[in-house]
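K.L.:
with the sequence up front, the predicted model follows.
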Amino acid sequence: MKLQKLVFTLIFFSFALTASAQTANELKRKKEAIQREIEQLQKNLNKTASGKKLTLQQINTINTQIRLRQDKIGTINSEIKNLDNQISKNTNTVHTLQGQLGDLKKEYAGMIRFAQRNRNSYDKMMFIFAAKDFNQAYKRIKYLQQFSQYRKKQAGYIENTQQDLNGKIKVLDQTLREKSNLLKDQEREKERLGKDKNEQSVALNKLSKQEKQFKQDINTRKKQQAQIDRAIAAAIQRAIEEARRKAAEEARIAAAKAAAEARAAEAKAKAENRPIPKAPTVSTKEKTTGELLTATPEAARLSAGFENNRGRLPWPVATGSITERYGSHKVDLASYTNDGVDITTNDGATVRAVFAGKVLTVQYIQGRGVVIIIHGEYITVYQNLRNVSVTTGSNVDTKQAIGVVANTGDDAILKFQIRRGQSTLNPEAWISK
């Protein structure tokens, strides 16, 4: 029973440590990804730090850097918590193995004492011949054989348990060192966070001195974006109207066919002197936008596939950080709305379709490319492209290159939207984390 308990304990802790290792690796990858985003944003800030004029991009970059730094500290805290759990489990395992090792050694010592008392062949023979009958003598012979084998196994168990104990102690020491390093990393990140917040404070002070110019810049941006949004809405509306026209034409053809079939059935009934059958009714209910955009099997399949990949869609660029989120924003006294997200990426970054679909339109507005791709009921918009590598009407696959991001000021920023019909959606809920 003791050996079974030992084996069960080792198997249990092996599974527990495997799960902990998986969690630790996930946290490590997340922390490294956050650090890469922070470093890229810092490069962008370093390029623009010498400029006397404060831009909205700089403020967004600083705010995003603070948010990412806080996320990194939170990830480090999770790593520390995970290590604390590992330390607790390993400590319990060490205590369990120490106790079981002691029990095994006591049991083995008892067997050695028994073997010492019965070490000569004469004693063994007397033990066998003292049996009442042949069956008992045979059982005593088997017992002596099994006892010898068990003693050897017991010695092996002791050796293996000692090795496991030494291994767990090494793991425990390593985990304690990892925790110490993480605590140091946490302190460094808190110090850097403090510097980022000081930089944010300096930027806001600078903003107050440039308030008039800053408001003018935001108003200019709002007007430019409004023009682009109107063009996007118009392109989507044209697609909806085209779908409605096709649906109306199909309904007209279906009604004409039904009427012709009804007349033929009526004529046949009259000729055969039968009651005239009731003409079939054709639905005149107007279709919703979703029904119009998913009228064909291909469109319905694309729409369902897009929806099923919510939270798992690839990013429209290989690397980058969301430096402006979806929704309403207020900077000092100026406010504006973003119908998508702004992703700051590397200079010359390739823009990719996040899902298979058909290019609804390619436009150049204010010198920048805008690509709109339709995926059944869902629509993705890629704005601020330096050049475009697809054409209107072409089919695209997931992650297919569609263009290159243009530089806005000093940063390469892709403006990305997801819509359901004309309604805007938060892209962060759809792309992978």
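P.N.:
Great, that's in hand.

K.L.:
now do the strands in this structure.
P.N.:
321-324, 327-331, 334-338, 341-345, 350-352, 357-365, 368-375, 378-388, 395-396, 401-405, 407-408, 411-420, 423-425 (DSSP state E).

K.L.:
out of those, the one nearest K223 is which?
P.N.:
Closest of these to K223 is strand 334-338, at 10.5 Å (criterion: C-beta to C-beta). The C-beta positions use only the backbone N, C-alpha and C, and glycine is treated the same way.

K.L.:
returning to what we had before: format the strands of the chain as JSON lines; extra columns: mean pLDDT and mean neighbour count.
P.N.:
JSON lines is the format used below for the strands of the chain (pLDDT from 0 to 100; neighbours: other C-beta atoms under 10 Å):
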{"stretch": "strand 321-324", "mean pLDDT": "88", "mean neighbour count": "22"}
{"stretch": "strand 327-331", "mean pLDDT": "78", "mean neighbour count": "12"}
{"stretch": "strand 334-338", "mean pLDDT": "78", "mean neighbour count": "15"}
{"stretch": "strand 341-345", "mean pLDDT": "91", "mean neighbour count": "24"}
{"stretch": "strand 350-352", "mean pLDDT": "96", "mean neighbour count": "22"}
{"stretch": "strand 357-365", "mean pLDDT": "91", "mean neighbour count": "18"}
{"stretch": "strand 368-375", "mean pLDDT": "93", "mean neighbour count": "23"}
{"stretch": "strand 378-388", "mean pLDDT": "93", "mean neighbour count": "22"}
{"stretch": "strand 395-396", "mean pLDDT": "95", "mean neighbour count": "17"}
{"stretch": "strand 401-405", "mean pLDDT": "95", "mean neighbour count": "21"}
{"stretch": "strand 407-408", "mean pLDDT": "74", "mean neighbour count": "14"}
{"stretch": "strand 411-420", "mean pLDDT": "91", "mean neighbour count": "23"}
{"stretch": "strand 423-425", "mean pLDDT": "92", "mean neighbour count": "16"}
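
K.L.:
I'd like those as JSON lines, with distance to A234 appended.
P.N.:
Listed next are the strands of the chain as JSON lines, based on distance: least, C-beta to C-beta, whole Å:
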{"stretch": "strand 321-324", "distance to A234": "24"}
{"stretch": "strand 327-331", "distance to A234": "23"}
{"stretch": "strand 334-338", "distance to A234": "18"}
{"stretch": "strand 341-345", "distance to A234": "22"}
{"stretch": "strand 350-352", "distance to A234": "22"}
{"stretch": "strand 357-365", "distance to A234": "9"}
{"stretch": "strand 368-375", "distance to A234": "11"}
{"stretch": "strand 378-388", "distance to A234": "13"}
{"stretch": "strand 395-396", "distance to A234": "22"}
{"stretch": "strand 401-405", "distance to A234": "20"}
{"stretch": "strand 407-408", "distance to A234": "23"}
{"stretch": "strand 411-420", "distance to A234": "13"}
{"stretch": "strand 423-425", "distance to A234": "15"}
